[in-house]
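Asks: Sequence first, predicted model second:
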Amino acid sequence: MLKPGTILKRLYEQLEDSAKKRLIADLRVGSSYVGVKLDNHAAGIAAVLPDIEPGNCTVLPEAFPYAGAIAADVLKYLLDGKNSLHLAIGLATANALIGSSFNKPEDREATTYLNLQPGEKVAMVGLFAPLTERIRATGAILTVIEKNPERLELISPEKKQQALQDCNVAIITATTLLNGTFEETIGFLGKPRSVAVMGPSTPLMPAIFRNTPVTHLGGALAADPGQMLKIISAGGGTPALRPYLRFVNLLLNPKTIPA
């Protein structure tokens, strides 16, 4: 089983050199997302976890002057962030760096890539409410594993592990990278035919998922960084941000992912 934080460490290592050449132009912290814009106008986002209160003045006590900072200094939060907001800032910076050289055209709706069949078992780690009815409409059997009791009734750790062990398809929220549970989650998987990491926080970099069962990345690129940052500052969530993002899907072939 991979150690917690392995994927974020790989992400830092992949982007460190390019981050040394870029500056942070703007940083916004909202109630749902963090947004980072670089000096080349590329931007990225990452989710703010429910345990973070952006209005609390003790969350970022160092009052780091982010605007004008070298991106590599902020990216380093992926390795040594002192709280989950630091990790979100680091991941948003990483996603901005990835987006600055990304030319993939917009793809179709994410669940169409999964080719779900009646009777197949789907484990969804983190509730993606818009996808639940589409999945059930295929005849697949859906189990949702959620950490936030305000969103959904929680299931026992035993049922969680069994659902992951038995599933044919796993859909895992990218926020598991932020709360440190991603590596544990994929360690519980049996032999699913498809494993998708999804959500706007998803780092669209196949190389960091080498030697994992991940077959699909579903993330977002900033189509209009200025509007995206305004929505984040106003506390907007995914529905409000959707017009200013490009949702992208990457299918991973483990044989072609660099070692």
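Replies: Received it, and whenever you're ready, just let me know what you need. Numbers count the residues shown, from 1 in each chain.

Asks: Specify the local secondary structure of Asn40.
Replies: At Asn40 the chain is in coil, as set by DSSP: H, G, I helix; E, B strand; the rest coil.

Asks: Look up the closest residue to it, ignoring the ones flanking it.
Replies: Ser100 (5.7 Å; C-beta to C-beta, 6 or more residues apart in numbering). Any C-beta I mention is one placed from the backbone N, CA and C, and that applies to glycine too.

Asks: Okay, strands next: where are they in the stretch 101-250 of the chain?
Replies: 121-125, 141-145, 169-173, 194-198, 216-222, 245-251 (DSSP state E, counting those that start in this stretch).

Asks: between these, which gets nearest to Ile89?
Replies: Proximity to Ile89 (C-beta to C-beta) singles out strand 216-222 among the strands of the stretch 101-250 of the chain, at 15.5 Å.

Asks: That closest one to strand 245-251, inter-axis angle?
Replies: Orientation check (axes from the mean of the first three to the mean of the last three C-alpha atoms, to 10 degrees): strand 216-222 against strand 245-251 gives 160 degrees.

Asks: For strand 216-222, C-alpha coordinates in CSV please.
Replies: Output of strand 216-222 as CSV, limited to C-alpha atoms (Å, rounded to 0.1, in the frame of the first residue of the first chain):
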residue,chain,number,x,y,z
HIS,A,216,-9.5,7.7,-15.6
LEU,A,217,-9.0,11.3,-14.5
GLY,A,218,-11.9,13.8,-14.6
GLY,A,219,-10.9,17.3,-13.8
ALA,A,220,-11.3,20.9,-14.8
LEU,A,221,-9.3,23.7,-16.4
ALA,A,222,-9.9,27.4,-16.0
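
Asks: Tell me where this structure has helices.
Replies: 6-19, 71-75, 77-80, 84-99, 129-137, 157-166, 182-188, 225-233, 238-241 (DSSP state H).

Asks: Let me have those in CSV, extended by mean neighbour count, mean pLDDT and distance to Thr202.
Replies: Output for the helices of the chain, formatted as CSV (neighbours: other C-beta atoms under 10 Å; pLDDT from 0 to 100; distance: least, C-beta to C-beta, whole Å):
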stretch, mean neighbour count, mean pLDDT, distance to Thr202
helix 6-19, 19, 98, 11
helix 71-75, 22, 97, 17
helix 77-80, 18, 96, 14
helix 84-99, 26, 96, 8
helix 129-137, 14, 93, 14
helix 157-166, 15, 96, 19
helix 182-188, 19, 97, 11
helix 225-233, 20, 97, 16
helix 238-241, 17, 94, 13
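
Asks: most packed of the strands of the stretch 101-250 of the chain?
Replies: strand 169-173 (a mean of 26; mean count of other C-beta atoms under 10 Å).

Asks: Just the CA atoms of stretch 184-196, as CSV, please.
Replies: This file holds the C-alpha atoms of stretch 184-196, laid out as CSV (Å, rounded to 0.1, in the frame of the first residue of the first chain):
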residue,chain,number,x,y,z
GLU,A,184,-5.7,4.0,1.8
THR,A,185,-8.8,4.1,-0.4
ILE,A,186,-7.1,2.5,-3.4
GLY,A,187,-5.4,0.1,-1.1
PHE,A,188,-8.8,-1.4,-0.2
LEU,A,189,-9.8,-1.9,-3.8
GLY,A,190,-10.1,-5.5,-5.2
LYS,A,191,-9.8,-5.7,-8.9
PRO,A,192,-12.1,-3.1,-10.4
ARG,A,193,-12.0,-2.7,-14.2
SER,A,194,-12.2,1.1,-13.9
VAL,A,195,-11.0,3.5,-11.3
ALA,A,196,-11.8,7.2,-11.9
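
Asks: And the contacts of it?
Replies: 1-2, 4, 110, 113-114, 123, 125, 160-161, 164-172, 176, 212-218 (C-beta atoms under 8 Å, 6 or more residues apart in numbering).

Asks: same thing but at 7 Å, please
Replies: Contacts with stretch 184-196, where a contact means C-beta atoms under 7 Å, 6 or more residues apart in numbering, come from 1, 4, 114, 125, 161, 164-172, 176, 212-216, 218.
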